[in-house]
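# structure for the following, please:
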Amino acid sequence: LPQLMTKTCGGMANRQIARDLRVSPTTIDRQLERLGRHCILFHKQLLDTMSPPEDVTVDGMESFELSQYFPFHFHLAVDNLSAVFLGFTDSPLRRKGRMTAYQKRRRAELEARWGRPDTQAVRKDFRKLLEIVTKNAKQMIVRTDDHKVYPGIMRGLDCQITHLVTSSQERRDNRNPLWEINHLDMFIRHSCGGHKREGIGWPKRRGASALRLAVFMVWRNSVNQ
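Prediction:
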């Protein structure tokens, strides 16, 4: 399992890990699911010992499962002062952007078979992430980009929130107020083979991708110091 964590967070896909360790790919799939569940429990215990954060940055990262017809959205939260990866949720998305006539027909066929993603999934899951992050906090600074839905999602929380907005057009260097979340996004894509752009190791199931991200979260917070 220690080897599995370092290889998973070192950019290797499941079949690469299986070849390197000379085991079946299904063994890696099964053990990664187990490791991911343990990492979720470990992370919850870590959060229970921490004081509520004072300054948090939240944002989303898009990826896909199985094929580009099934995109999804990871919502990420990071402590802006300590850089601790606080948590995440994920939401299914509908494929968007420029598509050919064939791709539009194919999307319609897949949606007729499997159903259309909930149009409110991003709002619901982003709200859930905020509820987790603001638990037991009386007041908090929350930094986001200029996505129009964020202010409405923040209304009605038990915590008093000061919402600071930074344009997504701003240069994304270490002087950007959203640097910690931008750096985390970049680090996830660098360290997790399934989220590399134009790669071939994309996740086959969103649930498995979430468990892999849980492994990365514990590695990022507790191992990679």
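# ok, residue 204 touching residue 66?
Yes - counting by Cβ atoms under 8 Å, residue 204 touches residue 66, with 5.6 Å between them. (Each C-beta comes from the backbone N, C-alpha and C, glycine too.)
# show me where the chain has its strands.
Taking DSSP state E to define them, one finds strands in the chain at 55-64, 71-79, 85-92, 139-144, 160-165.
# same list, the ones you listed, but as CSV with mean pLDDT please.
Below are the strands of the chain laid out as CSV (pLDDT from 0 to 100):
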stretch, mean pLDDT
strand 55-64, 91
strand 71-79, 93
strand 85-92, 94
strand 139-144, 94
strand 160-165, 93
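# for the protein, longest helix please?
When the chain is parsed with DSSP state H, its longest helix is helix 25-49.
# quick one: list the elements packing against that one.
Packing partners of helix 25-49 (3 or more Cβ pairs under 8 Å, 6 or more residues apart in numbering; DSSP states H and E): helix 2-8, helix 14-21, strand 85-92, helix 206-218.
# mind picking out the helix or strand in this protein with the poorest mean pLDDT?
The weakest-scoring helix or strand in the chain, judged by mean pLDDT, DSSP states H and E, is helix 150-154 (a mean of 89).
# mind listing residues that contact that helix?
Contacting residues not belonging to helix 150-154 are listed as 123, 126, 127, 130, 142, 144, 161, 163, 165 [Cβ atoms under 8 Å, 6 or more residues apart in numbering].
# tell me how far the second one lies from residue 60.
Distance of residue 126 to residue 60, computed by Cβ to Cβ, to the nearest Å: 8 Å.
# ok, and the closest non-adjacent residue to the most centrally placed residue in the chain?
Central residue of the chain (Cα atoms, centre = their mean): residue 74, 3.4 Å from the mean position. Nearest residue to residue 74 in three dimensions, chain neighbours excluded: residue 61, at 4.6 Å (Cβ to Cβ, 6 or more residues apart in numbering).
# I'd guessed the one you found sits against residue 187; true?
No - the pair residue 61 / residue 187 is not scored as a contact, 10.8 Å apart, by Cβ under 8 Å.
# what about these two, which has more around it?
Taking other Cβ atoms under 10 Å, residue 61 and residue 187 do not tie; residue 61 has more neighbours (19 against 15).
# ok, that one - contacts?
Residue 61 is in contact with 73, 74, 76, 185, 188, 189, 195, counting by Cβ under 8 Å, 6+ apart.
# in terms of pLDDT, where does the closest residue to residue 157 other than its chain neighbours sit?
In this structure, residue 157 finds its nearest non-sequential neighbour in residue 134, 5.7 Å apart by Cβ to Cβ, 6+ apart. Predicted confidence (pLDDT) for residue 134: 92.
# what does residue 225 give?
For residue 225, the model assigns a pLDDT of 61.
# how much space separates residue 224 from residue 6?
10 Å.
# ok, back up a step: wait, which of the helices and strands packed on helix 25-49 is closest to residue 156?
strand 85-92 (17.8 Å; Cβ to Cβ).
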